[in-house]
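Colleague: this one's structure only:
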Ligand code: FES
């Protein structure tokens, strides 16, 4: 779990309610649209800036619709020195999107993170919740294609 955002202390008692509202919205809609940010800020009597600060701090929340499946490549130091940049390039080419984007059919979102906590098996890529270690530019496309073939 990430450290608390700087707003945590200032938001005080409404912080728990804010996180619960954000989780609910993320679960229902798959992302948190601007209208939801306004409604949540109004309901909790806090600024929209505070709501956006919390959303952008946590990877669990997204301001853009995500695909049905996430492809997450670790670009932390250990994975970086083992060549993850070429793996990310290959995943981008295979999916036709840049990191942070979702495929047009809404099937996949490609994301990067700074460490998944299993550096010894890097480069690490998580596809739809499944961890894959020692991924290479040659094996990366197969991981995505195998998932795409499943219903
Ligand atoms: S740097 Fe990639 S898992 Fe830690």
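Modeller: Perfect, thanks for sending it. Note that the coordinates shown come from a computational prediction; the quantities given were computed from them, not determined experimentally. Residues are numbered from 1 along each chain as shown.
Colleague: Point out where this structure drops to low pLDDT.
Modeller: 1-9, 149-151 (pLDDT under 70).
Colleague: domain parsing for it?
Modeller: 7-57, 69-149 (automatic domain parsing).
Colleague: now the ones you listed in TSV, with distance to residue 63 and mean neighbour count?
Modeller: Where you see a C-beta, it was placed from the backbone N, CA and C, and this is true even at glycine. Below are the domains of the chain laid out as TSV (distance: least, Cβ to Cβ, whole Å; neighbours: other Cβ atoms under 10 Å):
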stretch	distance to residue 63	mean neighbour count
domain 7-57	6	15
domain 69-149	11	17
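Colleague: Include distance to the ligand when you put those into CSV, please.
Modeller: Shown next, in CSV, are the domains of the chain (distance: least, Cβ to the nearest ligand atom, whole Å):
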stretch, distance to the ligand
domain 7-57, 20
domain 69-149, 3
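Colleague: and the longest helix anywhere in the chain, what does it pack onto?
Modeller: In the chain, with assignment by DSSP state H, the single longest helix is helix 15-29. With contacts defined as 3 or more Cβ pairs under 8 Å, 6 or more residues apart in numbering; DSSP states H and E, helix 15-29 has these neighbours: helix 7-11, helix 34-44, helix 48-57.
Colleague: how close does the residue of the chain most remote from its centre sit to residue 12?
Modeller: What lies farthest from the middle of the chain is residue 45; by Cα atoms, centre = their mean that is 27.6 Å. Distance from residue 45 to residue 12, counting by Cβ to Cβ, to the nearest Å: 12 Å.
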